[in-house]
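> Have a look; sequence and predicted model below, questions after that.
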Amino acid sequence: MKENEEKTLIMKCRKCEDKLEVLRQCKKVRLRCSGCGHEYHIHEVAADLDKETEEQLARYTAIIYD
Ligand SMILES: [Zn+2]
């Protein structure tokens, strides 16, 4: 467990409950678990997005919900 809260995160992995970090690729944004490395599509976790995460994602103006 890290003590310092990372500004970038946020949500927890459904598999291992480690933190998901926003992973920005060229035209896509994924949430990747910093623990097990599982990548979530935005739409997979959209229903569970908390406000902080939503706001962060909102900064990526060209988010593609694929
Ligand atoms: Zn995980």
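All right, it came through fine.

> Checking Glu21 next. Helix, strand or coil?
strand (DSSP: H, G, I helix; E, B strand; the rest coil).

> can I assume it is in contact with Leu31?
Yes. Glu21 is within contact range of Leu31, at 7.0 Å (criterion: CB atoms under 8 Å). All C-beta spots, glycine's among them, are computed from the backbone N, C-alpha and C.

> higher neighbour count, these two?
Between Glu21 and Leu31, counted using other CB atoms under 10 Å, Leu31 has the larger neighbour count: 23 against 15.

> Let me know the secondary structure of Cys26.
Under three-state DSSP, the three-state class of Cys26 is coil.

> Use 21 as the first number for this chain going forward.
Sure thing, new numbering starts at 21, so read that last one as Cys46.

> Now for Arg50: which residues touch it?
Shown in contact with Arg50 (CB atoms under 8 Å, 6 or more residues apart in numbering): 42-43, 59-62.

> Among those, name the buried ones.
If you count burial by 16 or more other CB atoms under 10 Å, the buried members of the contacts of Arg50 come out as 42, 60, 62.
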